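Novice: Here is a sequence with its predicted model. Questions after.
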Amino acid sequence: MSYLDGLNEKQHEAAIHDKGPILVIAGAGTGKTKVLTTRIANLIDTGKASPYEILAITFTNKAASEMKDRIAKLLQTEVDRMWVGTFHSICVKILRKNIGILGYDQNFTIYDTDDQKNLIKKIIKELAVDTKRFPPNMVKSTISKLKNSEVSPDEYINNNYAFYDKRMIGEIYAKYEKALKSNNSLDFDDLLIKALDCLRMNDEATKYYRDRFKYVLVDEYQDTNNIQYKLVKHLAKRTNEPSNLFVVGDDDQSIYGWRGADISNILNFENDFKNSKLIRLERNYRSTETILNAANAVIKNNATRKGKELYTEDNKGSLIKVLGNNNEKEEAYTIAQTISYESNKIDTNYSDFAVLYRTNSQSRAIEEGLIKLGVPYKIVGGLKFYGRKEIKDIMAYLILLQNPRDDMSFLRIINLPRRKIGPKALSLLQEYANINESSLFEACYNLDEIDLPKAAHKGVVDFLQITELLMVKKDACELSEFITAVYEDSGLKNMFESDETVEGLSRLDNIMEFFSAITDFQEMNTNHSIDDFLAHVSLLADTDKTKNINSDVVTLLTIHSAKGLEFNSVFISGLEDGLFPSIRSNDDDNDDSKLEEERRLFYVAATRAKKNLYLSYAEERMVFGQHRASKISRYLKEIPTEFLDKELEVSSSHASTSSYARAKNYGYKSSELKTTYMDETIHRRKPKVEKKDDTEVFTRDENISLTTGDKVLHKAWGEGTVVSVLQTGDKSKATIAFENKGVKTLIVELAPIKKL
DNA sequence: GCGGAGAAAGTTTTT
DNA sequence: CTTTCTCCGC
């Protein structure tokens, strides 16, 4: 039974647990993933369950696929029939099968945060209320909170009838829900809520999943919300015996309260599931004693926690290094300089370093510093690839063809590219649709009854011609072929290609990347329907996409994205009150829960470090172009000085003056940084200051033809060798191996490449 | 209906 | 400081 080897006593006890509910409190770096995978492997290996009978829920898709891989490796068997995924992806699976019960079509569209916001904006406009009074973001989060607490619009309106603002939000909420339904769309919250509704309303469906899933496992249980908790409870319920529910989590790492996660789910587990077992993993295998003690000292200040203290048998290690700085530029410079210096040491790589920050906006200054010193880096997250406008435009066509009732997608593309259909024509269409309770797309089929301006009328007819043609291709083509057809026939291709500005070219790059992502998806998934692809795109987290191209680069990411990761050396930047903890966690006088969540966030950040931890702050920072002074973060002050390499107050003013002087004269124009980096775009050692000239000099081969073995030069990816050329329809696609970027499939006519 | 100029808002964190 | 919104002239 080799897979059980190497577990410590507690880990072993958890891994061989059989029936009944169990809570494993697993501190940072205590081997949580190992326990989960071994437990699943053990269930299968001892014949207690087949892979088919196991449901494992993880926090990210990446964690899911890693878990599957590890189990397959441990047991040397196929685990394809096992359900491993995030709550959201598992709910999509349930809904595709069962959502008919609730009166939706199974080809429903998933709305992401942007779509939600746009819909809310549209509704606020329609209601003609004072837009200043109802900021879409605030309305969105209120609606989300209400949905997750299962408060209906009517209920909310009735309970708050006397309060205008609340009542109006209720009205917006009501319209929002109605619009989602008639668009045959679900937002992220709905995926969970509607899945739960399906199960509650349909005993047969419930019975099916309960019979099937003999064992249910949930990772990161501290970050489950109300609906997820109810789902788990519902699914894991067994008729005459306790639930076989295995949850793993760490109350000290609960950092998603703002998204509805309820820490009491983990704190109350033992009350919710009677006679449950509790195992604590407190031996840490990741960090040095100094780092661990510092983290323990900080988290101890939280009142709401189960209480545990991590220990290690590792040595003390070096002291935590405090980096005091005058401003954010200097902070960036200090970090870059430290990495540059340290990475020259033996057995030290750039990839050993991570720079963590509280907000995405901090990344820019740090980038500047790294570029200046020629330190290569990658950014995780930030602007999401699929969130880019050009990608969303193409996606909107796909979505509309798949779900013609989706008015939001319709509105996005009806006049893109320009078809002379403006606000006036649209309001006429909308009016007709409202009266006839039809979708906008359907309304287009009754043009005789709508008195559109001539030009707009023609535009709509043109649009319908395009969509009809594409509807035919949808059923006839492979996914990637179909999306290519959408791109071309819609006129988007022409539109994007005729834009020769620098931004336009980078947009083309993104589109190229999009097409190669489609090819990847098609190869990796045996069943690749359009629905599958659309769901895949919507549910992809940006931390999921970090394809492990073995590139030796520094990682930049938010603390939230860093959860679950580890690095030899970690920088936590921006340790200032007002930034970390965020100014917004201060607002409730009697409630420290937000400040406690920020403290947990600090705890998560600190425990990412294996060997070296650097804590940095700036006394002054640019916010909206204004200088803002701040004080050292309270969390930094909570660390006993014995673990720090210097006293806090003294360090900043003089020690850093010299590096500040140097930092000052590296005026780097931020406009030069505005390359739209992707997750895998790696910035090389030599800063590409001449980038602008690069793009101007680069001219694409218009009539290029390639054969296997040709050497080509790509605008962004450099030199590569053609591995194969494929002729599909009138397009030829070339698979090209690039020296540092891996193998990509490109559409020859489109790609910014030339033959060498 | 479209594009440009100028005003206003925006930065927590993300499935 | 940057991105998004709004208004106005063509």
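Specialist: Arrived safely, thanks for sending.

Novice: ok, now how distant is A:Asp211 from A:Val570?
Specialist: 46 Å (Cβ to Cβ, to the nearest Å). (Each C-beta comes from the backbone N, C-alpha and C, glycine too.)

Novice: more crowded one of these two?
Specialist: Neighbours per residue (other Cβ atoms under 10 Å) separate A:Asp211 from A:Val570, with A:Val570 holding more: 27 against 10.

Novice: correct me, but A:His627 touches A:Glu620?
Specialist: Yes: with contact defined as Cβ atoms under 8 Å, A:His627 reaches A:Glu620; the gap is 5.5 Å.

Novice: what do those two both touch?
Specialist: Common neighbours of A:His627 and A:Glu620 are listed as A:Asn327 (criterion: Cβ atoms under 8 Å, 6 or more residues apart in numbering).

Novice: neighbour-wise, which of these two wins?
Specialist: Taking neighbours as other Cβ under 10 Å, A:His627 and A:Glu620 compare with A:Glu620 leading, 16 against 9.

Novice: pull the CA atoms of the helix or strand containing the more buried one into CSV?
Specialist: According to DSSP states H and E, A:Glu620 maps onto strand A:609-623. Extracted in CSV, the C-alpha atoms of strand A:609-623 (Å, rounded to 0.1, in the frame of the first residue of the first chain):
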residue,chain,number,x,y,z
ALA,A,609,6.9,31.6,2.1
LYS,A,610,9.1,28.6,2.6
LYS,A,611,12.5,30.2,3.4
ASN,A,612,12.4,34.0,3.1
LEU,A,613,9.8,36.5,3.9
TYR,A,614,10.0,40.2,3.0
LEU,A,615,7.6,42.7,4.3
SER,A,616,7.5,46.0,2.6
TYR,A,617,5.7,49.3,2.9
ALA,A,618,5.7,52.8,1.5
GLU,A,619,5.1,55.9,3.6
GLU,A,620,3.5,57.6,0.6
ARG,A,621,1.7,56.3,-2.3
MET,A,622,0.1,57.7,-5.5
VAL,A,623,-3.7,57.1,-5.4
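
Novice: buried stuff in that strand?
Specialist: Under the neighbour-count criterion of 16 or more other Cβ atoms under 10 Å, strand A:609-623 has A:609-621 buried.

Novice: any idea how far whichever residue of the stretch 151-300 of chain A sits closest to DNA strand C lies from DNA strand B?
Specialist: With Cβ to the nearest atom of the strand as the measure, A:Ile172 is the residue of the stretch 151-300 of chain A nearest to DNA strand C, at 16.2 Å. Note on A:Ile172: its distance to DNA strand B, by Cβ to the nearest atom of the strand, to the nearest Å, is 16 Å.

Novice: My assumption is that that residue lies in a helix; please confirm.
Specialist: Yes: A:Ile172 sits within a helix when classified using DSSP: H, G, I helix; E, B strand; the rest coil.

Novice: Please report how far the residue nearest to the spatial centre of chain A lies from A:Lys372.
Specialist: Geometric centre of chain A, nearest residue: A:Ala541, 2.7 Å, by Cα atoms, centre = their mean. For A:Ala541, the distance to A:Lys372 equals 31 Å [Cβ to Cβ].

Novice: what's the closest residue to A:Asp80 other than its chain neighbours in contact with, if anything?
Specialist: Distance criterion Cβ to Cβ, 6 or more residues apart in numbering; nearest residue to A:Asp80, sequence neighbours excluded, is A:Pro51 at 7.6 Å. Applying Cβ under 8 Å, 6+ apart to A:Pro51 gives the contacts A:44, A:77-82.

Novice: same question, A:Phe624
Specialist: Taking Cβ under 8 Å, 6+ apart as the definition, A:Phe624 has no contacts.
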